[in-house]
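Chemist: generate a structure from the sequence data that follows.
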Amino acid sequence: MKKLAFLLIIGIAFLFTSCKKDRTENPDTLPETMEELQVPADFSWKTTKDYSLTLSANASGIAEVNNTSGISYQKAYLSPGQAYTMKLTVPAYEKTVKLKFMGQEASLELGSASLNYTFN
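Modeler: Here you go, the predicted structure:
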């Protein structure tokens, strides 16, 4: 009988302590419309970045600009002694591109808005 009373008291205590209502209010409410959304003035909605890429080579051929997975962004025909400048638009998360020309491969860091590369 003592065990039953003890278990009953423990059960009732557990019931009352586990059924507490949260008294904290959630002050972070999500906006319901786009007009209610607060965006900083310096936030850029762009998901791409533009670069000026100048390529040159000592021979004629097709140069290819790829991402690190091998997907081609752009191709250009290079002539010896004549630089070719292209506007390269890539996703903003890209940090490097791969350049291919007549069996040569090179990795180019996307560090500045103006990039140059010369194939040998």
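
Chemist: I figured residue 54 hits residue 85, correct?
Modeler: Yes. Counting by CB atoms under 8 Å, residue 85 is a contact partner of residue 54 at 4.6 Å. No exception for glycine: its C-beta is placed from N, CA and C like everyone else's.

Chemist: give me the common contacts of the two.
Modeler: Common neighbours of residue 54 and residue 85, using CB atoms under 8 Å, 6 or more residues apart in numbering, do not exist here.

Chemist: and the strands in this structure, which stretches?
Modeler: Under the criterion DSSP state E, the chain contains strands at 48-56, 61-66, 72-78, 84-91, 96-101, 104-109, 114-118.

Chemist: contacts made by stretch 105-120 with the rest, please.
Modeler: The set of residues external to stretch 105-120 that reach it, using CB under 8 Å, 6+ apart, is 49-59, 63, 78, 88, 90, 94-99, 101-102, 104.

Chemist: buried subset of those?
Modeler: A residue is treated as buried here by neighbour count (16 or more other CB atoms under 10 Å); on that basis the buried members of those are 51, 53, 55-57, 63, 78, 88, 90, 97-99, 101.

Chemist: pick out the most distant pair among those.
Modeler: Greatest spatial distance in these: 57 and 90, 21.5 Å, computed using CB to CB.

Chemist: can you redo the strands of the chain as TSV with distance to residue 38?
Modeler: Below are the strands of the chain laid out as TSV (distance: least, CB to CB, whole Å):
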stretch	distance to residue 38
strand 48-56	24
strand 61-66	38
strand 72-78	35
strand 84-91	26
strand 96-101	35
strand 104-109	35
strand 114-118	35
